[in-house]
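*Asks:* have a look at this prediction, sequence included:
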Amino acid sequence: MNTESQTSTSGYFCPGCNSWYDAGDLSTGGYCGRCGLTILQDATVATHQPTQLWKRPADAAATNSHDTDEDELALNSLIGRPLHIYQLESLLGRGGMGWVFLGRHEDLHRSCAIKVLAPKTIRSDPDYLTRFENEGRAAAALVHPNIVTTHAIGCVDQWHFLEMEFVRGRSLQQRLREGPLSCLHAMSIAAQVANGLAAAHAEGIVHRDLKPDNILITHQKIPKITDFGLAKRVGSQSNARILAGTPHYMAPELFLGHEPSPASDVYALGVCLYQMITGRYPFTAPRLSELMYKVVNDRLPHLRLEFPSVPLDISECVLAMLARSPVNRPASGIEAAQLLLAVLGHARDIETLLHDALDSLPDLDWSKSGPRYVVDVCLRDDRRQQVFIEADASAAGERLVAIYSVCGPVDSGFLAEALRMNATISHGALAIRDIEESLTS
């Protein structure tokens, strides 16, 4: 597991995406630069607590107590120290239920992620430890390529912890900061995440807080889901209504008081897919109450009106996953995976193909430049050649790839030779065309 750090406990806080702002970051005019909600100034929020939209007054008072500072000092003191059979080397980040450390398993000599439960969480909710242990064991039973594996659960010196797979890579949220993905690349990631959800839903486990922060992308471009419901179950100490989650990814029925379900996980995945394709949320508002109203009452934006390049089948798939009523959505990760794979078919996005085909070759480098990919090939005698790869815009309704390079002035003799070669090529076709204008635009 690898997660973004969250080191502040007071300051400027966004309740919509659980993000912190320093005083110098208020150039956004008091609104979150990520989701658009109003930032809470001089907020004090315990980062070791589950993400909650509303808290009982007693909970808020407990959050501001001196115990939180003591917990932070104690957790900080773990860095560089042994914990059971692990050496805690550094802090990776803070999640909904505790702190995550980069650890080293002293017996197996491997890196791992150690999530340590904050003592304050246990003191404020006596039932929490039981849920942590039960759901930790349930998560450990999920062994799937698209789920971060939980290896062990334990307690040493009153520190309750999980040992989890350490994912070398970055979160999907970090990737989205660079801009949207191509439609096929986004669909490929969503289909793999849906496969992970399908494995969890088959075991009766609901994630409850799926979002790009909780989807890690390995260096091999494989998405892995983390934080499977381990801190998102609402407390049962009173009958007070408390919602837990991240608002932009919460399904409409959750705001109406319904329990989280596999269908609400599908909605969250639909928001992630919408965000991957467009770089935006389906609904935004400056206030949480306005956002909730829009999610529950407003119609979804017409995706193809704003983004006409999105294929119709992909647009319909996104809208199906974001249906307001859960009965109109895929009912679980299993059905979502079937839908996504049916739309995706056997096509794979160009970026994934390039990673598979070119990453292991030592004599070339490739990068993305606008709509095309540029491959620099090292030849003999220190010569180099550029090869361009892009989707063929002239192929109406088909998913074709154009691979080309600048060779020189067009000679009419080349045309006849190209026709003869096309007669022997079993896949694709050879074309000669003027590309000077497209390369300089």
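*Replies:* It's in.
*Asks:* quick one: end-to-end distance for stretch 161-170.
*Replies:* By Cα to Cα, to the nearest Å, the extent of stretch 161-170 from end to end equals 23 Å.
*Asks:* same question for stretch 98-113.
*Replies:* 12 Å.
*Asks:* pLDDT below threshold where in this structure?
*Replies:* Within the chain, the segments meeting pLDDT under 70 span 1-30, 33, 36, 39-69, 95-97, 229-244, 346-349, 392-399, 426-428, 435-441.
*Asks:* look up how far Leu162 lies from Asp107.
*Replies:* Going from Asp107 to Leu162 by Cβ to Cβ, to the nearest Å gives 17 Å. The C-beta positions use only the backbone N, C-alpha and C, and glycine is treated the same way.
*Asks:* residues near Val410, how many?
*Replies:* When neighbours are defined as other Cβ atoms under 10 Å, Val410 has 11 of them.
*Asks:* try Asp356
*Replies:* Asp356: 12 neighbours (other Cβ under 10 Å).
*Asks:* let me know the helix or strand that it is in.
*Replies:* In the assignment (DSSP states H and E), Asp356 maps to helix 350-358.
*Asks:* what is the subsequent helix or strand relative to that helix?
*Replies:* Defined by DSSP H and E, the subsequent element after helix 350-358 is strand 364-369.
*Asks:* ok so, going back, more crowded one of Asp107 and Leu162?
*Replies:* Leu162 (25 against 7).
*Asks:* now the more buried one. Nearest residue, chain neighbours left out?
*Replies:* In this structure, Leu162 finds its nearest non-sequential neighbour in Lys115, 4.5 Å apart by Cβ to Cβ, 6 or more residues apart in numbering.
*Asks:* beta partners of the one you found?
*Replies:* Val100, Leu162 (DSSP bridges).
*Asks:* can you get me a residue count around it?
*Replies:* Other residues within reach of Lys115, judged by other Cβ under 10 Å, total 30.
*Asks:* now swap in Ala200 and tell me
*Replies:* Around Ala200 there are 25 residues (other Cβ under 10 Å).
*Asks:* number of residues surrounding Asn165?
*Replies:* Just so we're on the same page, residue 165 is Glu rather than Asn. When neighbours are counted by other Cβ under 10 Å, Glu165 registers 18.
*Asks:* do the same with the one 3 residues further on
*Replies:* The burial metric for Arg168, expressed as a neighbour count using other Cβ under 10 Å, is 10.
*Asks:* contacts for the helix or strand encompassing Lys224 next, please.
*Replies:* In the assignment (DSSP H and E), Lys224 maps to strand 223-225. Contact with strand 223-225 is made by 145-148, 165, 167, 172, 189, 192-193, 196-197, 200, 207, 210, 214-218, as judged by Cβ atoms under 8 Å, 6 or more residues apart in numbering.
*Asks:* show me these that map onto strands.
*Replies:* Ile215, Leu216, Ile217, Thr218 (DSSP state E).
*Asks:* which one of those is nearest Leu419?
*Replies:* Of all the ones in strands among the contacts of strand 223-225, Ile217 has the smallest distance to Leu419: 44.1 Å, by Cβ to Cβ.
*Asks:* what sits against the closest one?
*Replies:* By Cβ under 8 Å, 6+ apart, the contact set of Ile217 is Gly169, Arg170, Ser171, Leu172, Arg175, Ile189, Pro223, Lys224.
*Asks:* mind listing what's buried along stretch 196-205?
*Replies:* Gly196, Leu197, Ala198, Ala199, Ala200, His201, Ile205 (16 or more other Cβ atoms under 10 Å).
*Asks:* what's the answer for stretch 136-149, then?
*Replies:* Result for stretch 136-149 [16+ other Cβ under 10 Å]: buried residues Gly136, Ala138, Ala139, Ala140, Leu142, His144, Asn146, Ile147, Val148, Thr149.
*Asks:* could you find the closest non-adjacent residue to Ala190?
*Replies:* Nearest one to Ala190, counting by Cβ to Cβ, 6+ apart, is Leu273 at 4.5 Å.
*Asks:* my error: substitute Gln173 in the last question.
*Replies:* Pro212 (3.8 Å).
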